[in-house]
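> pasting a predicted model and its sequence here:
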Amino acid sequence: MAQDIFIGGGGENYATKQFLNIGYANRHGLIAGATGTGKTVTLQILAEGFANQGVPVFLSDVKGDLSGLAKSGSAAHKLHGAFTSRAEKIGFDEYLYEAFPVTFWDLYGKQGHPVRTTVSEMGPLLLAQLLGLTEAQEGILNIAFRVADEDGLPLLDLKDLQALLVWIGENAKDLALRYGNVSAASVGAIQRRLLVLENQGAADLFGEPALALSDLMRTDADGRGAINILAADQLMAAPKLYATFLLWLLSELFEELPEVGDPDKPKLVFFFDEAHLLFDDAPKALVDKVEQVARLIRSKGVGVYFITQNPADVPDDILGQLGNRVQHALRAFTAKDRKELRMAAETYRENPRFDTEEAIREVGVGEAVTSFLQKKGVPGIVERTLIRPPSSQLGPITPMERSEVMAASPMSGKYDKRLDRESAFEILRKRADEAAKAAAEAEEKAEEVETPALREFNNARRYAGKGVTRSTSRQPRRKSQEGFGAAVAQVVIKELKGTTGRRIVRGILGGLFKGR
């Protein structure tokens, strides 16, 4: 039977044990506090607690410190004495060092197994947020997704979307009759932003094999939940990519997992570090989506915990849904800071033994103001809590140790090799090949019907070329179109056989695809 997760000691002399009720762990939570106050250690001990109760965890490692979860703590560590002393003070009699089942992931495939999704799975709303598109540009992106669905063009990676946007730009007039105006300038702006995204390394995110959510929800042979760690130190250089990926993952969990009501324990706990990146300058539609997911994903058995410096970073509608809270120290240097500190204190159920606002300002490193849901989901009385020490290593492991963990992982080799099956890029290229071939055949047939006398006459009436009946600029319409078709075929074939292999179309492609 699942047990509650021990967080630390509260009350007088920190002798009263504080637990997170595992049955209410899917009611979401918040870990907040200024830099250097102990948020990372709190995240570490929560991950340990959930894993020991058979609950898989997904978290992002922004600084690289959380990789220590894969290695047992040691009596040789410089803080060993402080850890054992704290464990004794808070009555943590079962304290021992141990390693945990960790799987490393990395969008860039360097410090963990590659993580991929497809452009189709990301969807136009999240992709528009990632690209920072205007409303008009987002509308064109929605047209692209609709055309892809209706025309059987799978959007798997960036080159699929780039190829489809070119086709849409060239067929703007035809599409406008059905979907509304398609501006060439807007298409060009989207293409430029895709190029910037590609230069930031986002091309590694899109493609196949796509991440299977079941691979995040595993347990080991001992029944402990897998701790999935996303290497995010390099990813933080592209904060929009980081936030959009985590929101996509959360949305996928919401859409794919079945309803489970109120389980005895969560099926997965999701930690969203640097949560302010998700909400900074986010459009209302995106914030509404986050609120919807946070409100409803609880019934799917998923708990979401936001980690940020200040509770004010999280919108009120979402903050109100976070029932389990660990508030480390907040600094109040300005009038705005003092106002936010007061607002943070007012969200807790008061404790007559101390002033909550003063406690939030005064708690030291490794100490926090905590409140966890109790029976029937009622918020517990706020307590000053001394957080328990971690059982795994405090601080990062070495690159060699990381490599060893990855080699021994059940995910080793599953996602390492990228697949490139037929998708929009290949289908559009195939259509261009067929159009070029048809143009060439039409030219040959046109020449075959000419009599020898006519061919000799035509060849004598011009400097060079094929199959025209007059040397003036006003040539018959049918023959002119055939000559143009041959030119089209030559241009398309040249483009398709270029060294880059990606230049599907240039101004001529729309003419080839009209009517298809």
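Received the coordinates, thanks.

> spatially central residue for this protein, please.
Nearest residue to the geometric centre of the chain (C-alpha atoms, centre = their mean): residue 245, 0.9 Å.

> from residue 107, how far out is it?
Going from residue 245 to residue 107 by C-beta to C-beta, to the nearest Å gives 7 Å. (Glycine included, C-beta is placed from N, CA and C.)

> common neighbours of the two, please.
Common contact partners of residue 245 and residue 107 (C-beta atoms under 8 Å, 6 or more residues apart in numbering): 115, 205, 235.

> what about the closest residue to the second one other than its chain neighbours, how many residues close to it?
Okay, so that is residue 205. Leaving out its chain neighbours, the residue that sits closest to residue 205 by C-beta to C-beta, 6 or more residues apart in numbering is residue 107, at 5.2 Å. Neighbours of residue 107 under the rule other C-beta atoms under 10 Å: 24.

> what sits against residue 107?
114, 115, 201, 204, 205, 230, 235, 241, 245.

> which of the residues you listed fall in strands?
114, 230 (DSSP state E).

> from the contacts of residue 107, which single one is nearest residue 68?
Distance to residue 68 across these (C-beta to C-beta) is lowest for residue 230, with 15.3 Å.

> and the gap between the closest one and residue 108?
Counting by C-beta to C-beta - residue 230 and residue 108 are separated by 11 Å.

> okay, those two: which has more neighbours?
The neighbour count for residue 230 versus residue 108, taken as other C-beta under 10 Å, is higher for residue 230 (25 against 15).

> give me the nearest residue to the more buried one, chain neighbours excluded.
residue 60 (4.4 Å).

> what's the neighbour count on that neighbour?
Residues near residue 60, counting by other C-beta under 10 Å: 24.

> was I right about it contacting residue 232?
Yes - Residue 60 is within contact range of residue 232, at 4.2 Å (criterion: C-beta atoms under 8 Å).

> now residue 370, nearest residue through space, not along the chain?
Here the residue nearest residue 370, using C-beta to C-beta, 6+ apart, is residue 385, at 4.4 Å.

> how about that neighbour, what does it touch?
By C-beta under 8 Å, 6+ apart, the neighbours of residue 385 are 7, 8, 9, 10, 14, 18, 326, 367, 368, 369, 370.

> which two of those residues have the greatest separation?
14 and 326 (14.9 Å).

> higher neighbour count, the two?
Set residue 14 next to residue 326 and count neighbours by other C-beta under 10 Å: residue 326 wins out with 28 against 19.

> ramachandran coordinates for the more buried one?
phi -130, psi 110 (degrees, to the nearest 10).

> list the contacts of it.
Residue 326 neighbours (C-beta under 8 Å, 6+ apart): 7, 29, 30, 31, 32, 42, 368, 369, 370, 385, 387.

> what's the closest of those residues to residue 300?
residue 29 (16.3 Å).

> residue contacts, the closest one?
So residue 29 contacts 20, 303, 304, 305, 306, 322, 323, 324, 325, 326 (C-beta under 8 Å, 6+ apart).

> out of the residues you listed, who's the most crowded?
Busiest of the contacts of residue 29 [other C-beta under 10 Å] is residue 326, holding 28 neighbours.

> ok, longest helix in the protein?
helix 424-448 (DSSP state H).

> packing partners for that helix?
Helix 424-448 sits against helix 158-170, helix 477-496, helix 509-513, with contacts defined as 3 or more C-beta pairs under 8 Å, 6 or more residues apart in numbering; DSSP states H and E.

> helices of the stretch 301-450 of the chain, start to end?
Using DSSP state H, counting those that start in this stretch, the helices found in the stretch 301-450 of the chain span residues 316-319, 335-346, 356-362, 399-408, 424-448.

> tell me what angle the longest helix of the chain forms with helix 158-170.
50 degrees (axes from the mean of the first three to the mean of the last three C-alpha atoms, to 10 degrees).
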